[in-house]
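Asks: Can you look at this prediction? I've put the sequence above it.
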Amino acid sequence: MTGNQTLTARAALGVVTGIVSVAAVSSSRLRALPRQTFDRLMAVTLIVSRLAMYLGIFFVLRLQPRGDIPAYYWEEANYVLRGHLPYRDFYTSYAPLHPYLDAFAIRLWFTPLAIILLAICVEWLLLPIWLRVGRSFLSEQELRTGALFYLCSAVSLQFVAIDGQDNVIIATLLAFAVLLLYRNRFLASGAAVGMGVATIKFLPLLYVPAFFVAVPRRWRWVAGIAIPIGVVYGALLATHVPILGALTHEGHMKTANNLPYLIEAIVGITPPPLFWDSLVLASVAILFVLIANAVRRASPALRLRTLTFGMAALTLALLLFSKKSWPPYLMLTLFPICLLVPAQSRLKSAAFALFGVVAVVGPSYWATVYKQFSAQAFHQGLLAHQKGCFVFLGVQCLLVLGYAWLLLEAIRLIIASPNAAAQIEVSAQAVSVRSA
């Protein structure tokens, strides 16, 4: 399949899933299903839809994996199978255990498709976890809306079932950490987040401040996150492996599909990297204050609700303001992001469906049509009145506006969290009755 065909296929996937998602969240029949039936339907449909997409793409159409799988995951996993050590014998921008995880998959089935299948299998756990814990702090309508949006998401289908992106592993570990908090297992909750740092990327550290203020026994939680990080990175430090090399290298990189790229392309000026980094830190600090204020003297259920919307807000702030961010990062907290859109608003549901189309098209357009050109090259194309550049400008504007809109929705829900106490109490009582 050529690059242009891939771009067309992504757009078609986004449009079809967008239409299905709007129809699904508007369905009174789905909302009237008994809880057990609804949960079973979501779990089975998630497995069948992702597996069907995987089999259709790679076994029926016989397409080859693209993107990070052949470029990074497959190659690094083979290095490990040959006995090489990350950071010392080969460069990787991922966490130390990442190539070992992929090596485990391809040792069982020696093909890049095994790595994609691993991501799909991990995602099968995601919805059941959120459905289990979500009813303790969300209304049934909120929970079902989020589940249906997630199930029909082009973002999930494209970046997991087709691209095999590893961000879904972080997403599942974060969901598991919230579930463990609900069960008052603070040490294990911290360890779940720490495993994301040791296994995939440094990105889970973005959510540590939110967990820190939302967890009652915060220092026990901190001890939990320190265990896997200390063991894995400590072992590498003991062998004098340069573990910070990847972080330094990644800090100088830039991508499209974010506000810094859009502004630099429009104005033709490149601020120093510190400017954009400071903007990210400032936005995260503001969100940290809002989350801390919302959970002050809050009940455990209210803390979990604020934490969930806080994780969505932090992801969206990273996507909006970071100079190196791209739509696959949506997978980090896609389910909490899906909770931001109210089902009763047809306009917002349609806008979220359009956002899904733009999110899967944006990275492909930049890579396929313009070969990942810089913001300055983009600026020159705009000055030369190239039609394709103006189309890409429209895609970038829609994506950035989508990030901003969803970020504002997340902030609104964080601020309004203390007013949701009565709703949380009813949901918690319903869960208790069901458990009994």
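Replies: Good, I have the coordinates. Numbering: from 1, shown residues only.
Asks: who's in contact with whichever helix or strand R50 is part of?
Replies: In the assignment (DSSP states H and E), R50 maps to helix 35-55. Identification of contacts with helix 35-55 by Cβ atoms under 8 Å, 6 or more residues apart in numbering yields 30, 33, 116-117, 120, 123-124, 126-128, 131, 135, 140, 144, 147-148, 151, 156-157, 160-162, 434. Where you see a C-beta, it was placed from the backbone N, CA and C, and this is true even at glycine.
Asks: and if we set it to 6 Å?
Replies: Here helix 35-55 makes contact (Cβ atoms under 6 Å, 6 or more residues apart in numbering) with 120, 124, 127-128, 131, 147, 151, 157, 161.
Asks: Any buried residues in that helix, and which?
Replies: Buried residues in helix 35-55, counted by 16 or more other Cβ atoms under 10 Å: 38-39, 42-43, 45-46, 49-50, 53-54.
Asks: tell me the mean pLDDT for it?
Replies: Mean pLDDT, computed over helix 35-55, is 96.
Asks: Name the next helix or strand following that helix along the chain.
Replies: Going down the chain from helix 35-55, the next helix or strand is helix 68, by DSSP H and E.
Asks: what's the closest of the buried residues of helix 35-55 to R218?
Replies: For the buried residues of helix 35-55, the minimum distance to R218 (Cβ to Cβ) is 31.4 Å, reached by D39.
Asks: before we move on, the earlier item: identify, from the buried residues of helix 35-55, the entry nearest to G362.
Replies: Nearest to G362, judged by Cβ to Cβ, of the buried residues of helix 35-55 is M53 at 20.0 Å.
Asks: Quickly name whichever of the buried residues of helix 35-55 is closest to A256.
Replies: When the buried residues of helix 35-55 are compared for distance to A256 (Cβ to Cβ), M53 wins out at 25.6 Å.
Asks: any idea how far that closest one lies from T8?
Replies: Per Cβ to Cβ, to the nearest Å, M53 is found 17 Å from T8.
Asks: Give me the subset of the contacts of helix 35-55 that lies in helices.
Replies: Among these, the ones falling in helices (DSSP state H) are 120, 127-128, 131, 147, 151.
Asks: List the buried residues in the helix or strand where A416 lies.
Replies: Assigned by DSSP H and E, A416 belongs to helix 387-416. Neighbour counts over helix 387-416 (16+ other Cβ under 10 Å) mark 389, 392-393, 395-396, 398-400, 402-403, 405-407, 409-411, 413-414 as buried.
Asks: what about it, average pLDDT?
Replies: Mean pLDDT, helix 387-416: 95.
Asks: just checking, what packs against that helix?
Replies: Counting contacts by 3 or more Cβ pairs under 6 Å, 6 or more residues apart in numbering; DSSP states H and E, helix 387-416 is packed against helix 259-267, helix 300-321, helix 346-368.
Asks: now the angle between helix 300-321 and it, please.
Replies: Compare the direction of helix 387-416 with that of helix 300-321 by axes from the mean of the first three to the mean of the last three Cα atoms, to 10 degrees and you get 160 degrees.
Asks: from the chain's centre, how far out does the helix holding R50 sit?
Replies: Computed by Cα atoms, centre = their mean, to the nearest Å, the chain-centroid distance of helix 35-55 equals 20 Å.
Asks: Check stretch 204-220 too.
Replies: How far stretch 204-220 lies from its chain's middle: 18 Å, per Cα atoms, centre = their mean.
Asks: For it, buried residues please.
Replies: 204, 206-215.
Asks: and of these, the nearest to A265?
Replies: For the buried residues of stretch 204-220, the nearest to A265 is L206 (25.5 Å; Cβ to Cβ).
Asks: re the thing from before, now the helices and strands packed on helix 387-416 in CSV, with mean neighbour count?
Replies: Below are the helices and strands packed on helix 387-416 laid out as CSV (neighbours: other Cβ atoms under 10 Å):
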stretch, mean neighbour count
helix 259-267, 19
helix 300-321, 26
helix 346-368, 21
